[in-house]
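# Quick one: sequence plus predicted model below, questions after.
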Amino acid sequence: MEKIHSKFKSVPKKMIKTITFDQGSEFADHRYLEETMKCEVYYCESHSPWQKGSNENMNGRLRKYLPKNAKINLITQEELDLIAAKMNRCPRKCIGYKTPNELFIQQQKNDSRTWS
């Protein structure tokens, strides 16, 4: 959980409203994120993919770079950051064929006057 928190430290708290996880033991310490990031954490129910449509879609996109049998502990943080950068530059139908990067920058510009 500390790694997740450290990745999002530079993001204004008002931009992170919720985080949704799968039912994995690696996410057991969710209260840490709720307290440090001041957001709500949700868990999807097992065998209920309709509860996490965007998560499942993202997992499919991620598999292009990291197959299911990939040994994640052998992948460097730099490689993971490059994968994330590529994924965030890919247009998405669900957001009007904009990229996540475009929307993030737009949101920062729109809301910067209200962030502390």
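Thanks, I have the structure now.

# now the strands for the protein?
Listed in chain order, the strands of the chain (DSSP state E) span 18-21, 40-43.

# mind listing what the first one pairs with, with the direction of each?
When pairs are called by DSSP bridges, strand 18-21 turns out to pair with strand 40-43 (parallel).

# Name the residues that touch the partner strand?
17-23, 27, 30-31, 33-34 (C-beta atoms under 8 Å, 6 or more residues apart in numbering). Placement of C-beta: from N, CA and C, glycine included.

# Break this structure down into its domains, please.
Domain assignment for the chain, taken from automatic domain parsing, gives 1-43, 53-116.

# Out of the contacts of strand 40-43, which is nearest to P67?
D22 (18.0 Å; C-beta to C-beta).

# Test my guess that the closest one contacts H47.
No: using C-beta atoms under 8 Å, D22 is not in contact with H47, being 11.0 Å away.

# Looking at these two now, which is surrounded by more residues?
D22 (15 against 7; other C-beta atoms under 10 Å).
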